[in-house]
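Q: Here is a sequence together with a model predicted from it:
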Amino acid sequence: MIDFKVLAEKYDTPLYVYDFAHITRQYEELKKAFSGRKSLISYAVKANSNLSVISHLAELGSGADCVSIGEVRRALISGIPKYKIIFSGVGKRDDEIEEALREDILLLNLESEAEMERVEEIAEKIGRQARISIRVNPNIDPKTHPYISTGLHENKFGVDLETAKRMYIRANNSAHLDPVGVHFHIGSQLTELEPIKEAAAIVADLVRSLKAIKIDIRFFDVGGGIGIVYDDEKTIEPYDYAQAIFSVLHGLDVTVVCEPGRFMVGNSGFFLTRVLYEKVNEGKRFIIVDGGMNDLLRPSLYNAYHRVEVLGKSGACSEADLVGPVCESGDFFAKSRMLPATEPGDLVIVHSAGAYGFVMASNYNTRPRPAEVAIVDGKERCIRAKESFEDLIRLEKMCL
């Protein structure tokens with residue numbers, strides 16, 4: 001049992017708290033689900049890039065899926081072996097590509113013909129052969145929020161099947177490219193199995209056609225996106241997820257790569273904030289807290305639901321908006337939610353805040369980002385200190 005009250009008093013609010021035991025359980029459950037074939041669980045670092053989180057997963061045997069060279073560096077210094085690191089992302093700078101090639105990571109995941117040309121030129125310039133995969137867009141509706149849908153032709157990610165075939169043939173004929181993998185990822189917070197299976201089947205058929213012309217694809221990367229419970233969602237069981245993918249891979253000798261992010265850390269995290277006061281405008285009730293959209297952006301960005309708990313309070317509830325101090329109408333954590341009466345100083349827990357919480361935080365309104373605390377083997381560890389005002393202005397210079 002986590003003593004949120006003690007943590008809030010010690011580290012101040014707002015505050016992020018992560019239960020590392022939950023992360024361990026999630027990793028082991030997914031690894032067990034994929035144990036029937038050669039597999040690599042490659043954590044999507046963008047979900048929560050704290051060094052201690054990555055290091056914990058490295059100790060469990062995880063790889064890392066990275067979408068910037070900064071994330072690649074985080075993975076390396078956190079103990080992820082270079083042969084388990086994938087560098088993805090729609091737009092990679094030349095210097096990022098060169099650094100990734102010099103680090104000799106597992107592969108670069110490419111998303112366009114133009115990008116492949118740049119990788120080939122850079123690999124030739126530095127005398128390397130670039131191991132690559134190509135992100136295929138299977139044009140499958142993932143049935144999720146449009147902002148986190150990535151597998152349709154209207155999305156910016158990946159290439160269509162015909163373009164992918166053309167890219168693989170060119171790469172296979174290049175002295176500086178080694179096409180070893182194929183990748184797809186149709187979206188995030190997926191709660192239906194059929195779109196995943198359908199996409200995997202389409203990409204598996206592409207791999208068969210490539211193998212028929214002697215292009216040896218060794219890594220079958222299914223992306224991530226397995227949904228978690230925020231409210232009352234019916235989620236996908238890891239075993240069923242793995243079996244659906246295995247079912248379309250008959251005849252293919254490939255290593256299945258899975259890139260979970262939210263699934264691994266989402267429900268490990270809690271965002272703590274304190275009530276400042278309540279106000280009522282023409283019958284509309286607001287609970288104003290010291291955390292804001294700069295600390296936890298998901299409700300404002302996606303209108304995302306997070307369960308809200310006022311610690312130690314029960315009894316009669318009434319409808320209220322839970323809002324922060326940021327000078328924006330979009331600064332809220334919950335709208336029209338049934339919540340108990342609160343008093344200044346009451347502690348509010350926003351659940352399921354381990355993924356896309358701190359990593360999206362900003363200093364908007366000159367607000368310092370909160371501390372992060374891990375619970376490891378029942379003990380607290382501060383894994384990131386709260387920022388000070390001096391931290392915020394350290395890189396600025398006044399032009400006098």
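A: Perfect, thanks for sending it.
Q: after the host helix or strand of Arg166 comes which helix or strand?
A: Element membership of Arg166 [criterion: DSSP states H and E] is helix 161-172. Later in the chain than helix 161-172, the nearest helix or strand by DSSP H and E is strand 177-183.
Q: buried residues in whichever helix or strand comes after that following strand?
A: Downstream of strand 177-183, the first helix or strand assigned by DSSP H and E is helix 193-212. Using 16 or more other CB atoms under 10 Å as the test for burial, helix 193-212 gives 193, 195-204, 206-207, 210. C-beta: built from backbone N, CA, C; applies to glycine.
Q: I'd say Leu252 and Asp216 touch.
A: No. The pair Leu252 / Asp216 is not scored as a contact, 11.1 Å apart, by CB atoms under 8 Å.
Q: hang on, the earlier thing: compute the inter-axis angle for the helix holding Arg166 and strand 177-183.
A: Relative orientation of helix 161-172 versus strand 177-183 (axes from the mean of the first three to the mean of the last three CA atoms, to 10 degrees): 150 degrees.
Q: Just the buried positions in helix 161-172, please.
A: Leu161, Ala164, Lys165, Met167, Tyr168, Ala171.
Q: what's the answer for stretch 371-387, then?
A: Neighbour-count burial for stretch 371-387 [16+ other CB under 10 Å]: Ala371, Glu372, Val373, Ala374, Ile375, Val376, Glu380, Ile383, Arg384, Lys386, Glu387.
Q: ok now that stretch, how far from the chain's centre?
A: 20 Å (CA atoms, centre = their mean, to the nearest Å).
Q: Return that stretch as CSV; C-alpha atoms alone will do.
A: C-alpha atoms of stretch 371-387 as CSV (Å, rounded to 0.1, in the frame of the first residue of the first chain):
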residue,chain,number,x,y,z
ALA,A,371,9.2,15.6,-8.8
GLU,A,372,9.0,11.9,-9.7
VAL,A,373,9.1,9.2,-7.0
ALA,A,374,9.4,5.4,-7.5
ILE,A,375,8.2,2.8,-5.1
VAL,A,376,10.7,-0.1,-5.4
ASP,A,377,10.4,-3.1,-3.1
GLY,A,378,8.1,-1.1,-0.9
LYS,A,379,10.5,1.7,-0.5
GLU,A,380,10.4,5.2,-2.0
ARG,A,381,13.1,6.6,-4.2
CYS,A,382,13.1,10.1,-5.6
ILE,A,383,14.0,9.5,-9.3
ARG,A,384,13.7,13.2,-10.4
ALA,A,385,13.8,16.2,-8.2
LYS,A,386,11.2,19.0,-8.5
GLU,A,387,12.4,21.8,-10.6
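Q: got the contact list for the most centrally placed residue in the chain?
A: Residue closest to the average C-alpha location in the chain (CA atoms, centre = their mean): Ala47, at 2.6 Å. Going by CB atoms under 8 Å, 6 or more residues apart in numbering, Ala47 touches Gly261, Arg262, Met264, Val265, Gly266, Gly354, Ala355, Tyr356, Val359.
Q: Likewise for Glu278?
A: Glu278 is in contact with Arg285, Phe286, Ile287, Ile288, Ala320, Ala341, Thr342, counting by CB under 8 Å, 6+ apart.
Q: tell me the contacts of the residue nearest to the first one when sequence neighbours are not counted?
A: This points to Arg285. Leaving aside its sequence neighbours, Arg285 sits nearest to Ala320 (CB to CB, 6 or more residues apart in numbering; 4.2 Å). Shown in contact with Ala320 (CB under 8 Å, 6+ apart): Glu278, Arg285, Phe286, Ile287, Ser336, Arg337, Met338, Leu339.
Q: Scan the residues you listed and report the most crowded one.
A: With neighbours taken as other CB atoms under 10 Å, the top of these is Ile287, carrying 24 neighbours.
Q: Quick check: bridge partners of that one?
A: Glu278, Leu322 (DSSP bridges).
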